[in-house]
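In: quick one: sequence and predicted model below, then my questions.
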Amino acid sequence: MALRIAFDMDGVFADMDSELVRQAGTLFGEAVATRPVEATNPALAGNTPPGQPAETRAPDHEISLARLQMTARQQRQLWSHIESIENFWETLKEIEAGSVRKLSSLATANGWEVIFLTKRPRSGGAIAQIQTQRWLQSKGFALPSVYVVQGSRGRIASALDLDFVVDDRPEYCLDVVMESKSQAILVWRDRDTPMLASTRRIGIAVVKSVTECLDALAQVDAPGLERPSIVDRVMRLLGLRPQSKSSG
């Protein structure tokens, strides 16, 4: 059976944060630096208590803006500016050059069913879904399935019967392991933070790049294996002992 995998967009494939910094510098005429993420536990990332519904959290773009050293008023001005930019989501750079094309090749070769999840708000021009599809196509992924979603990633994973959800936000990975039978893979490029051990203890796999994630998936997805066996082998390869979970 084909693996069913969902990938987040911003912070996984698309470099939204760098563009926010650039736009802020242009708008305010000052150098804008980013602050390091201070979360040490997935349950505390984004100042979200464990079990708090995802729909009550700040949207993805507000979390990113909070990392900039600006006042709340400046953040609102910046986002209002971004919303006016024609097809803003198509201007972002790829974090790991060639990663989208590599995913497309592996998905085709192994018969994976891939979807892309994002909470992008609308900007000028086409709706966020179409901009995201165009961006993915320009990077080498033909006919991408893109869902602009709200709410818990865990409930989405459960409803779509996903095997894996790949995200760069610990709190969304926590939703997945708490509210679905899917496995969460966290793309966390800062491997020196103290959060990694506690993240793995609650069943979230951690990779330093999308490339590492794709290599792990490709290494174990051999013809003839049943889907549950593949999932178990991926989790062991990423340092986790597969656990039986009930859906939320």
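Out: Structure received.
In: strands of the chain, residue ranges please.
Out: 4-8, 113-118, 146-148, 164-167, 183-187, 205-207 (DSSP state E).
In: convert the C-alpha atoms of stretch 129-142 to PDB, please.
Out: Extracted in PDB, the C-alpha atoms of stretch 129-142 (Å, rounded to 0.1, in the frame of the first residue of the first chain):
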ATOM      1  CA  GLN A 129      -3.800  27.700  -2.600                       C
ATOM      2  CA  ILE A 130      -3.100  28.600  -6.200                       C
ATOM      3  CA  GLN A 131       0.100  30.600  -5.400                       C
ATOM      4  CA  THR A 132       1.300  27.600  -3.400                       C
ATOM      5  CA  GLN A 133       0.600  25.200  -6.300                       C
ATOM      6  CA  ARG A 134       2.400  27.400  -8.700                       C
ATOM      7  CA  TRP A 135       5.400  27.700  -6.400                       C
ATOM      8  CA  LEU A 136       5.600  23.900  -6.000                       C
ATOM      9  CA  GLN A 137       5.300  23.400  -9.800                       C
ATOM     10  CA  SER A 138       8.100  25.900 -10.400                       C
ATOM     11  CA  LYS A 139      10.300  23.900  -8.100                       C
ATOM     12  CA  GLY A 140       9.600  20.600  -9.800                       C
ATOM     13  CA  PHE A 141       6.500  19.000  -8.300                       C
ATOM     14  CA  ALA A 142       3.800  18.500 -10.900                       C
END
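In: numbering from 521 from now on, please.
Out: Yep, numbering from 521; the last one is stretch 649-662 now.
In: what is the least confident helix or strand in the chain?
Out: Within the chain, no helix or strand scores below helix 580-586, which has a mean of 53 by mean pLDDT, DSSP states H and E.
In: in stretch 625-638, what's buried?
Out: Leu626, Ala627, Trp632, Glu633, Val634, Ile635, Phe636, Leu637, Thr638 (16 or more other CB atoms under 10 Å). All C-beta atoms are positioned from the backbone trio N, CA, C, and that covers glycine.
In: revised request: answer the last question for stretch 660-674.
Out: Buried residues in stretch 660-674 (16+ other CB under 10 Å): Phe661, Pro664, Val666, Val668, Val669, Ser672, Arg673, Gly674.
In: surely the fourth one meets Ile635?
Out: No: if you go by CB atoms under 8 Å, Val668 and Ile635 don't touch, sitting 11.6 Å apart.
In: who are the contact partners of Val727?
Out: Ile705, Leu706, Val707, Trp708, Cys733, Ala736, Leu758 (CB atoms under 8 Å, 6 or more residues apart in numbering).
In: and of these, the nearest to Arg642?
Out: When the contacts of Val727 are compared for distance to Arg642 (CB to CB), Val707 comes out closest, at 25.3 Å.
In: give me the nearest residue to the closest one, chain neighbours excluded.
Out: Asp688 (4.7 Å; CB to CB, 6 or more residues apart in numbering).
In: what stretches of this protein score poorly on pLDDT?
Out: 521, 550-588, 711-717, 740-751, 753-757, 759-768 (pLDDT under 70).
In: show me where it has helices.
Out: Secondary structure of the chain (DSSP state H): helices at 536-548, 580-586, 592-603, 619-630, 648-658, 673-679, 690-699, 715-721, 730-740, 747-757.
In: which of those sits most buried?
Out: helix 690-699 (a mean of 26; mean count of other CB atoms under 10 Å).
In: ok, back up a step: make a markdown table from the contacts of Val727 and add distance to Arg596 to it.
Out: Supplementary listing: those in a markdown table, determined by distance: CB to CB, whole Å:
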| residue | distance to Arg596 |
| --- | --- |
| Ile705 | 33 |
| Leu706 | 29 |
| Val707 | 29 |
| Trp708 | 29 |
| Cys733 | 35 |
| Ala736 | 40 |
| Leu758 | 39 |
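In: let me know the closest of the residues you listed to Arg542.
Out: Out of the contacts of Val727, the member with the shortest distance to Arg542 (by CB to CB) is Val707, at 21.9 Å.
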